[in-house]
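Student: return atomic coordinates for the entry below.
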Amino acid sequence: MVCLVTGSSRGLGKAIALAFGKTGHKVVIHYKDKSREAEDVASQIKESIILKADVRNFKEVKTLIDEIIKKWGRIDTLVNNAGITQEALLLKTSEEDFNNVIATNLKGPFNFIRSAALHMMKQKSGHIINIASIAGIKGKAGLSAYSASKAGLIGLTISTAAELSRYNIMVNAILPGYMLTDMGKNSSNEAKEKALKESLVKNFSNPDNVAEFICYLSETSGITGQVFNLDSRVV
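Tutor: Now for the predicted structure:
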């Protein structure tokens, strides 16, 4: 089984890649800038390759997918994890920042789905798992661009599931919760405190637990078009 995890050189992506590696998957480590970190992740997985691409660039993404097919002949699971945030009030969010968040968090998954789905359709099987956020459902003050991108990703998930189900391709979204990965750590103290306060278990989400659930979901059949909330904050 071949699994591609975007943005897997660190954070949640790294945890997901390592979890798939432990279960015997062939894992594609994707990165944009962090080559050393990607090499470190790959060194911990028995069968893996490291590929670079800017998720915002369709041609680069298609080239990456083509390299996977050339190497292993198939893609069984695609996890769209790569993402960024831009914490700022709406009136202080520049057009450039807004466009960059949307291009990375929404157009990026579209690029990968568009390229990988063609091969999954030929296989008549596949799993696509998009990492969304509770912010895409509830919205968050100071996160207009991020919330919009994740809301769009949820819509993309459900629409894609409807289109690809006839080919036995399952498409689902995960809301992982607030984690102290690089993205979470770099958020404001106010954001961290608010997330902790809203948590029913009074704790942050654990990347390893999220990765374990994703691995489980990739082995299921007949579950598609769903949004799984792993966030202990009430939707």
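Student: which residues touch the helix ranked longest in the chain?
Tutor: Selection of the longest helix in the chain by residue count, based on DSSP state H, yields helix 144-164. Contacts of helix 144-164 with the rest of the structure, by C-beta atoms under 8 Å, 6 or more residues apart in numbering, involve 80, 83, 85-87, 89-90, 93, 97-98, 101-102, 104-106, 109-110, 113, 117, 120-121, 126, 128, 130, 132-133, 135-137, 139-140, 170-173, 224-227. C-beta coordinates here come from the backbone N, C-alpha and C atoms, glycine included.
Student: now the farthest one out in this protein, which residue is it?
Tutor: For the chain, the largest distance from the centre (C-alpha atoms, centre = their mean) belongs to residue 91, which lies 27.9 Å off.
Student: and the helices in the chain?
Tutor: Using DSSP H, the helices of the chain run over 11-22, 35-43, 58-72, 95-102, 108-123, 135-138, 144-164, 182-185, 189-198, 207-217.
Student: and the last one, which residues are buried?
Tutor: When neighbours are counted by 16 or more other C-beta atoms under 10 Å, the buried residues of helix 207-217 are found to be 207, 210, 211, 212, 213, 214, 215, 217.
Student: what's near enough to touch the residue lying closest to the first one once chain neighbours are set aside?
Tutor: Meaning residue 207. Using C-beta to C-beta, 6 or more residues apart in numbering and skipping residues adjacent in sequence, the residue nearest residue 207 is residue 15, 3.9 Å away. Counting by C-beta under 8 Å, 6+ apart, residue 15 makes contact with 207, 208, 210, 211.
Student: now do 10 Å
Tutor: Each residue near residue 15 by C-beta atoms under 10 Å, 6 or more residues apart in numbering is listed here: 5, 8, 41, 81, 176, 179, 181, 206-212, 214.
Student: out of the residues you listed, who's nearest residue 74?
Tutor: residue 5 (15.7 Å; C-beta to C-beta).
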